[in-house]
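Novice: Sequence plus predicted model, see below.
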Amino acid sequence: MANNSYSGVKNSLVEANHDAEFGCTLKELRSLMELRGAEAISKLGESYGDTQGLCNRLKTSPADGLSGQPADLEKRKTAFGENLIPPKKPKTFLQLVWEALQDVTLIILEVAAIVSLGLSFYRPPEAERENCGKAAGGVEDEHESEAGWIEGAAILLSVICVVLVTAFNDWSKEKQFRGLQSRIEQEQKFTVVRGGQVIQIPVAEIVVGDVAQIKYGDLLPADGVLIQGNDLKIDESSLTGESDHVKKTQEKDPMLLSGTHVMEGSGKMVVTAVGVNSQTGIIFTLLGVNEDDDEDEDEKKKEKEEKKKQRKSKKQDGSLENRKKAKAHDGAAMEMQPLNSDEGADAEEKKKSNLPKKEKSVLQGKLTKLAVQIGKAGLVMSAITVIILVVLFVVDTFWIQNLSWVKECTPIYIQFFVKFFIIGVTVLVVAVPEGLPLAVTISLAYSVKKMMKDNNLVRHLDACETMGNATAICSDKTGTLTMNRMTVVQAYIAEKHYKKVPEAENIPSNALELLILGIAVNCAYTSKIMSPEKEGGLPRQVGNKTECALLGFCNDLKRDYQTIRNEIPEEKLYKVYTFNSVRKSMSTVLKMADGSFRMFSKGASEILLKKCYKILTANGEPKVFRPRDRDDVVKKVIEPMASEGLRTICLGYRDFPATEGEPDWDNENDILSGLTCISVVGIEDPVRPEVPDAIKKCQRAGITVRMVTGDNINTARAIATKCGILLPGDDFICLEGKEFNRRIRNEKGEIEQERIDKIWPKLRVLARSSPTDKHTLVKGIIDSTVAEQRQVVAVTGDGTNDGPALKKADVGFAMGIAGTDVAKEASDIILTDDNFSSIVKAVMWGRNVYDSISKFLQFQLTVNVVAVIVAFTGACITQDSPLKAVQMLWVNLIMDTFASLALATEPPTESLLLRRPYGRNKPLISRTMMKNILGHGVYQLIIIFSLLFAGEQLFDIDNGRNAPLNAPPSEHYTIVFNTFVLMQLFNEINARKIHGERNVFEGIFNNLIFCSIVFGTFVIQIVIVQFGGKPFSCVALTIDQWLWCTFFGFSSLLWGQVISSIPTSRLKFLKTAGHGTQKEEIPDEELDELDDMEEIDHAERELRRGQILWFRGLNRIQTQMDVVSAFQSGTSFQGALRRQASNSSQQQHDVTNVSSPTHIRVVKAFRSSISLYEGLEKPESRTSIHNFMTHPEFRIEDSEPHIPLIDDTDAEDDAPTTPVSPSPNMNNNAVESSNHLLPEGPKPGTPSAPGSPLHSLETSL
């Protein structure tokens, strides 16, 4: 074999200089890959002769690839680098600690604690101490007063605890994310030829000189030069921003770049650059992914300044705008997934921030809003607490006791004020629910980890939670609902319909020869049938499953396709038209010995039969095939097959005689006509056994399942009935793609939302659909306003062409086995087993996340309400908070961190699928939860206040109220604290149910985390009370007292039963809380601006909204004034329009003409109102639907919304350089901004042609 000689040469050449060993250096290859098209070809010719020469220099063989010997691979890695991009260093634990320390409330606490520490060391002389008022004197014991520093130190210690816990959580989250990312990358494999064998290796293993096989749907992992290609088209938009597919041939443009997508065809390439030296790698290096500071604030500031500059330059430079837009179109270069590295996590983040953001996840939106509201309330309460305490103290000391302020007493007074301040801050700490974001993170991270076991690989965290709200699933048929193991079960050959696979003897010999040859050469050479893995198992199908079914059919006919392929290797195929969603067929041309050509075609039966004009008869001779015969075949063969759920494929051929010369291969329509039909086969793809059950569950859970498939409508209907998507007696509709398009488009061929709204609620099956139809359907359902709630749509896809629909959907599922890289790239979740029932699991987990957060909220808010009220009233009445600062921090720790862990990790149950989806606007806190929160709050307050004001009589102990400064801890207050904590612990068990269920213990032992946390907290509480002493302001309690405290705690479980007996419907006064910000509430300009910011700052938004309305008002007034003045200057609108041309020329020459800008402005206003609708139909956008396809997210991210200021418009109108021409953009700013202000604005199909000119002005601005 050839490669033996290679390896011999390699082993003899062991030199120190690695580059010298290969005939070209890293630098030469890098510069070669930077060229394109003709330049690249001439450079290849000059330097290497041709691709064969390049292979020789790289010591590889185009046919057999590398030898694959470890020593050789190592050398190549040393000389040309490895195929990975070094990962960005993760944040160290210390960095995370530093970040956790940035929390404002913690900083306030630290400061207060330090001041308190400092003051506690000050000892005023005893005598003067008496003169400073009642509160200061009367310390029983000298030793006690020296322990004043303990409180400050304890606060600092507990702050450190909180910080460490937060940092540890962040750290483990990051670690998990990286683990997930590397798992995604390890799964990415690529096909290469080594030692003459075709093998799949992880992307990171690819080296320079490897011969890689590329096919439809691949994401190229390295740069290379094409050795052989069939009809290869590449989408290079991720690198160049050009959305048109680039045709790659050896003669014209053989350069293939990493990070680009193969959209059509197949071929082989020799790898010339990997890792950081590939085009993607170079871009990543430029972006500085390896530096650590892209997280830093100053970077963000710089970016913002840059944006401002860009915004200014945007007005001057339209071409920049368009270049930007082209880049933005595909998330710029960041779209490319890193080749293989942990860097993935980072790129993922970046990619997410660069792609037009899906709206911030619904749940996070609601939580942020709720947390802000609670925080504000807490701030107010804590401020009032401090003020009341200070006022009471001052009144008591200087008024009632009638003392004057003495210099010596100042430090003592300050000590009091610091103590009050600390109480205030602790109220704030308890009120601010910093556990909320933590709970979401923990819940999502936990779910994602567990979903891996359920075959869901989650790429974007928020997809998991969105899935819980899903109301519709648009699923593919093949592979998702069916097993994707195809076999030919019926055939129509030589005018005979065989209901099972025929014997080879029954088929005329020349028909059989044509059939076998046609199948062998006209199936991709990457599809093959391998021997079974286990003895007696089914043969393995590798590659395209439909083609595998046909190859299996050859084997069933006792013929071997591999011998034919060995005679006619892929290089000898004269021309290949690969399968794509437009052609719906594949054809291969062979050059015969006599100079004639023979073309074999296979494809969807109803499409290919229309192109047949002959058919093979019973004796194997072709005879004329008339339309009448064709209808017979359709009725008698194809429809019966399809109604049994079989996919029908037609096989045909055509001869081009040598006498007619070589046909024009580019004229596909002519080439693909005049075929002779060899056979029609029916391929069975059985429904997965678990699918009907899964679909039933979905329907019960209020989720509509729709099937979108490329198969014909009868097959689709049969499978949908088997799955349970269509039930007998339902009035649901099945449509074909053509009919669907006819119904949703108006006379002009534009899509109208109203028309879609008439169809989608009843639509269950869409057959013979193109990817565009799928995207249209998904977009139509999402944009629809017919249902009372916005639909949340999940979509499954496996093909390259499903990318736009997957991106548009709320959650995109890609197939892990059958899916192409492009589909995986566009998806949110990858189904590792391609199974529909895994989607149902995802729904369960998604709903579970939602419920976990609600459980945590119910618990947290009860604690918040009680703790804040107790601290507040206690402080006001007794001048000291019953719960001390350190105790509050402990409560805060258990209720925030531990409770979020305990409640956020509840496993999902089947009962989650028995209710309908919540919908996007459902409040987080339902009325039932509100009832629970208030009910338990009332119970706890009654108990605490009884203990606080009557505890000394009940337990026969000393009164702990009104203790002087630095007094020792009292039994009284210890009992209050202990009871409080135990009530929270038992209430945590109550919080496990949020829908008013009675049995709160159900399934409690399935959650070990919960049990261990509750038990652990209880043990620590015992330790704190018995041995906490001064730092925790606790005294050891007796067994009796402990039993009482536990009894009060346990009673909250009984009280819970009382609460759940009260029907919620009776309590009309209860309000819900935690509504999400509805999309309509936020003006769209802001949504665009918010894309810059990860989180939404609600206060800032309020302010900004004001400004925008103000500008809008001014602008509107100004426009009206312009219109009036335009009218006054004696011109009608028609005149103004007529004068448009002359005005524009005047304006260019004569800037002093005052009246022209007004006309122009009116004209402009006019044009902008019209072009709102035309903007979607700009000449370059071809048709609107095409536009949606090439820019699946129709929001143009890079340009900021332009809110015209008053002088802005004038400046623009009077600028002499601005011709008023309908150029794509530049001066027509209104058109431009309309694209953002209405991100999903008026559909091209609904030009609400406004009645009056004035009206149009109003709307345009």
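Specialist: Received, thanks. Residues are numbered from 1 along each chain as shown.
Novice: can you map out the strands along the stretch 51-200 of the chain?
Specialist: Along the stretch 51-200 of the chain, counting by DSSP state E, counting those that start in this stretch, strands occupy 189-194, 197-202.
Novice: List the contacts of residue 113.
Specialist: 152-153, 155-156, 159, 422 (CB atoms under 8 Å, 6 or more residues apart in numbering). All C-beta atoms are positioned from the backbone trio N, CA, C, and that covers glycine.
Novice: In helices, which of these fall?
Specialist: Judged by DSSP state H, helices contain the following of the contacts of residue 113: 152-153, 155-156, 159, 422.
Novice: Tell me the one of these nearest residue 730?
Specialist: Using CB to CB, residue 159 comes nearest to residue 730 of the ones in helices among the contacts of residue 113, at 62.1 Å.
Novice: wait, what's in contact with that closest one?
Specialist: 106, 109-110, 113, 889.
Novice: buried stuff in stretch 65-76?
Specialist: Across stretch 65-76, burial judged by 16 or more other CB atoms under 10 Å covers 65-69, 72-73, 75-76.
Novice: ok now it, how far from the chain's centre?
Specialist: 39 Å (CA atoms, centre = their mean, to the nearest Å).
Novice: cool, and stretch 662-681?
Specialist: Centroid separation between stretch 662-681 and its chain, computed with CA atoms, centre = their mean, is 43 Å.
Novice: what's the span of it, first residue to last?
Specialist: End-to-end distance for stretch 662-681: 31 Å, by CA to CA, to the nearest Å.
Novice: returning to that earlier point: give the PyMOL command for selecting the buried subset of the contacts of residue 113.
Specialist: With 16+ other CB under 10 Å as the criterion, this PyMOL line picks the buried residues out of the contacts of residue 113:
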select buried, resi 152+155+156+159+422
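Novice: Out of the contacts of residue 113, the closest to residue 473 would be?
Specialist: Out of these, the member with the shortest distance to residue 473 (by CB to CB) is residue 159, at 47.4 Å.
Novice: Do you know the pLDDT at the closest one?
Specialist: If you check residue 159, the pLDDT there is 77.
Novice: likewise residue 676?
Specialist: Note for residue 676: predicted pLDDT of 93.
Novice: what's the farthest-apart pair in the contacts of residue 159?
Specialist: Greatest spacing in these, by CB to CB: 110 and 889 (12.0 Å).
Novice: Under the pLDDT cut-off, which ranges of the stretch 101-250 of the chain? List them.
Specialist: The stretch 101-250 of the chain contains residues with pLDDT under 70 at 105, 109, 119, 122-131, 133-148, 150-151, 177, 180, 184.
Novice: try 80 this time
Specialist: Residues of the stretch 101-250 of the chain that meet the criterion pLDDT under 80 lie in 103-113, 115-159, 161-162, 165-166, 169-170, 172-188, 237-243.
Novice: Just the ones in helices from the contacts of residue 159, please.
Specialist: Among the contacts of residue 159, DSSP H puts 106, 109-110, 113, 889 in helices.
Novice: nearest to residue 1054, of those residues?
Specialist: Comparing the ones in helices among the contacts of residue 159 against residue 1054 with CB to CB places residue 889 closest, at 29.8 Å.
Novice: Now for the closest one: which residues touch it?
Specialist: Residue 889 neighbours (CB under 8 Å, 6+ apart): 155, 158-159, 161-162, 426, 429.
Novice: wait, residue 166 sits on residue 98?
Specialist: No - in this structure, residue 166 is not within contact of residue 98 by CB atoms under 8 Å, at 11.3 Å.
Novice: more crowded one of those two?
Specialist: Shown here are residue 166 and residue 98; by other CB atoms under 10 Å, residue 166 has more neighbours (22 against 13).
Novice: which ones are touching the more buried one?
Specialist: 96, 100, 103, 438, 897.
Novice: repeat for residue 724
Specialist: Contact partners of residue 724, counting by CB under 8 Å, 6+ apart, are 692, 695-696, 699.
Novice: Take the buried residues of stretch 65-76 and lay them out in JSON lines including pLDDT and distance to residue 561.
Specialist: Formatted as JSON lines, these follow (pLDDT from 0 to 100; distance: CB to CB, whole Å):
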{"residue": "65", "pLDDT": "86", "distance to residue 561": "23"}
{"residue": "66", "pLDDT": "87", "distance to residue 561": "28"}
{"residue": "67", "pLDDT": "86", "distance to residue 561": "28"}
{"residue": "68", "pLDDT": "82", "distance to residue 561": "27"}
{"residue": "69", "pLDDT": "88", "distance to residue 561": "32"}
{"residue": "72", "pLDDT": "88", "distance to residue 561": "33"}
{"residue": "73", "pLDDT": "89", "distance to residue 561": "33"}
{"residue": "75", "pLDDT": "88", "distance to residue 561": "38"}
{"residue": "76", "pLDDT": "89", "distance to residue 561": "35"}
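Novice: would a markdown table of those residues with distance to residue 990 be doable?
Specialist: Output for these, formatted as a markdown table (distance: CB to CB, whole Å):
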| residue | distance to residue 990 |
| --- | --- |
| 65 | 66 |
| 66 | 66 |
| 67 | 69 |
| 68 | 63 |
| 69 | 67 |
| 72 | 67 |
| 73 | 62 |
| 75 | 67 |
| 76 | 64 |
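Novice: Taking those residues, tell me the two that lie furthest apart.
Specialist: Spatial extent of these (CB to CB) is set by the pair 65 and 75 at 15.7 Å.
Novice: Residue 706 and residue 766 touch, don't they?
Specialist: Yes - under the criterion of CB under 8 Å, residue 706 is in contact with residue 766, at a separation of 7.0 Å.
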